[in-house]
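Undergrad: Next one to model:
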Amino acid sequence: MTTTATTAPTAPAYRVGTTPARRWPLARHSLALARRALVKTRRNPGELADAVILPVVFLVLFVYLFGGAVAGSTQEYLQYLFPGILVLTTVLTGQVATGLSIVQDMKRGVFDRFRSMPVPRAAMLLGSVLADAVHYVIALAVLFGVGYALGFRVETGLLPALAACGLAIVLGFSLCWLTVLVAVLLRDEIMVSTVGFLLPFPLVFGTGLAAPVETMPGWLQAWAGVNPVSRAIEASQGLLLGGPVAGPVTATLLWSAAFLAVFGTAAVVAYRRVV
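TA: This next block holds a predicted model:
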């Protein structure tokens with residue numbers, strides 16, 4: 001009498017303590033940390049207040065204080081001013097929250113806990129910046145709502161208007177890494193708030209945002225001529241109101257790539273050395 005032996009199927013062999021490798025670790029972890037930052041914002045909406053309220057304050061203040069003197073009427077000035085405020089929303093008002101969030105997480109030991117996990121170092125910073133890109137979208141939506149209530153109208157169409165918003169977000173995302181670098185180096189909430197708010201001022205107000213460049217002193221006209229934010233405002237005006245678009249858009253994208261390469265790399269290198 002014979003017996004037949006059956007062999008059970010063997011399971012895939014993994015070494016103890018290891019898991020199968022997953023692709024795109026930087027992207028996956030960055031998105032997970034961005035989601036965490038957005039959850040924090042949902043539980044503490046005050047963190048979003050500056051990015052949403054300040055552009056609206058600038059818009060209303062400039063229109064009703066300077067509209068009659070600069071353009072002859074508030075309605076004409078609103079059409080002129082709005083594209084610049086669109087760029088200001090991402091370049092100036094959304095920067096400080098990013099730095100403060102990073103400093104707070106560093107002081108509370110959150111990043112130290114992440115360092116004990118298989119998380120790329122760059123993901124800890126990139127997650128915060130990606131969350132701020134979502135904040136920009138919310139701030140721009142509020143700005144358009146207030147602008148339309150005041151009487152602003154897009155003169156080109158929906159797709160160019162969305163392109164103007166996308167271009168402003170790209171520039172804000174790239175310049176945001178300057179604030180990240182400051183936060184990593186200083187690691188102090190007060191200093192980050194002060195420096196992060198003041199650093200973009202020459203970029204934002206050394207432009208034709210509030211008045212035509214031709215009315216400015218010669219030295220300020222020279223600065224506005226080389227200022228990358230001036231190109232972004234020109235692109236926004238062309239996309240929202242009509243006018244030259246290709247040159248300003250190309251220049252803005254090139255400047256954004258340069259800012260991202262320089263400030264992003266410097267921020268990641270500084271973070272690795274500090275922590």
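
Undergrad: okay, CA-based contacts and neighbour counts for the rest of this
TA: Fine.

Undergrad: Tell me the first helix or strand C-terminal of the helix or strand of the chain with the lowest mean pLDDT.
TA: Across the helices and strands of the chain, mean confidence by mean pLDDT, DSSP states H and E is lowest for helix 110-115: a mean of 70. Along the chain past helix 110-115, the next helix or strand (assigned with DSSP states H and E) turns out to be helix 121-150.

Undergrad: Which elements pack onto that next one?
TA: helix 25-43, helix 49-71, helix 74-88, helix 95-107, helix 110-115, helix 158-186, helix 265-274 (3 or more CA pairs under 8 Å, 6 or more residues apart in numbering; DSSP states H and E).

Undergrad: same thing but 7 Å
TA: Here helix 121-150 touches helix 25-43, helix 49-71, helix 95-107, helix 158-186, going by 3 or more CA pairs under 7 Å, 6 or more residues apart in numbering; DSSP states H and E.

Undergrad: So which of those is nearest residue 145?
TA: helix 49-71 (9.9 Å; CA to CA).

Undergrad: who touches that closest one?
TA: For helix 49-71, the external contacting residues (CA atoms under 7 Å, 6 or more residues apart in numbering) are 73, 74, 77, 78, 85, 89, 93, 94, 139, 142, 143, 211.

Undergrad: which one in the residues you listed is the model shakiest on?
TA: Within the contacts of helix 49-71, the minimum per-residue pLDDT falls on residue 94 (64).

Undergrad: and the closest residue to residue 267 other than its chain neighbours, what does it touch?
TA: The spatial neighbour of residue 267 that comes closest, neighbours along the chain excluded (CA to CA, 6 or more residues apart in numbering), is residue 181 at 4.4 Å. Counting by CA under 7 Å, 6+ apart, residue 181 touches 263, 266, 267.

Undergrad: do the same with residue 75
TA: Contact analysis of residue 75 by CA under 7 Å, 6+ apart lists residue 151.

Undergrad: Next one, pLDDT for it please.
TA: Looking at residue 75, its pLDDT is 89.

Undergrad: Using ChimeraX, define a selection of the buried residues within the contacts of helix 49-71.
TA: Burial among those is assessed by 16 or more other CA atoms under 10 Å; the matching ChimeraX selection reads:
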select :74,77,78,85,89,93,94,139,142,143,211
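
Undergrad: which one of the contacts of helix 49-71 sits closest to residue 236?
TA: Using CA to CA, the shortest approach to residue 236 within the contacts of helix 49-71 belongs to residue 85, at 9.7 Å.

Undergrad: residues of the strand or helix carrying residue 259 that come out buried?
TA: Following DSSP H and E, one finds residue 259 within helix 246-259. Of all the residues in helix 246-259, those buried under the rule 16+ other CA under 10 Å are 248, 249, 251, 252, 253, 255, 256, 257, 259.

Undergrad: Can you name the two of those that sit furthest apart?
TA: Using CA to CA, the buried residues of helix 246-259 reach their maximum pairwise distance at 248 and 259, which is 16.3 Å.

Undergrad: Specify which member of the contacts of helix 49-71 is nearest to residue 153.
TA: Set against residue 153, the nearest of the contacts of helix 49-71 by CA to CA is residue 78 (9.3 Å).

Undergrad: That closest one against residue 152, yeah?
TA: Yes: with contacts counted by CA atoms under 7 Å, residue 78 reaches residue 152, the gap being 6.3 Å.

Undergrad: coming back round to it: could you point out which of the helices and strands packed on helix 121-150 sits nearest residue 221?
TA: Nearest to residue 221, of the helices and strands packed on helix 121-150 and by CA to CA, is helix 49-71 at 17.2 Å.

Undergrad: so which of the helices and strands packed on helix 121-150 gets nearest residue 215?
TA: Distance to residue 215, taken as CA to CA, is lowest for helix 49-71 among the helices and strands packed on helix 121-150, at 10.1 Å.

Undergrad: Distance from that closest one to the middle of the chain?
TA: Averaging C-alpha positions (CA atoms, centre = their mean, to the nearest Å) puts helix 49-71 21 Å from its chain's average.

Undergrad: Same question for stretch 158-178.
TA: Centroid separation between stretch 158-178 and its chain, computed with CA atoms, centre = their mean, is 8 Å.

Undergrad: got a pLDDT number for the residue nearest to residue 267?
TA: 89.

Undergrad: Please apply the same query to residue 13.
TA: What the model reports for residue 13 is a pLDDT of 47.
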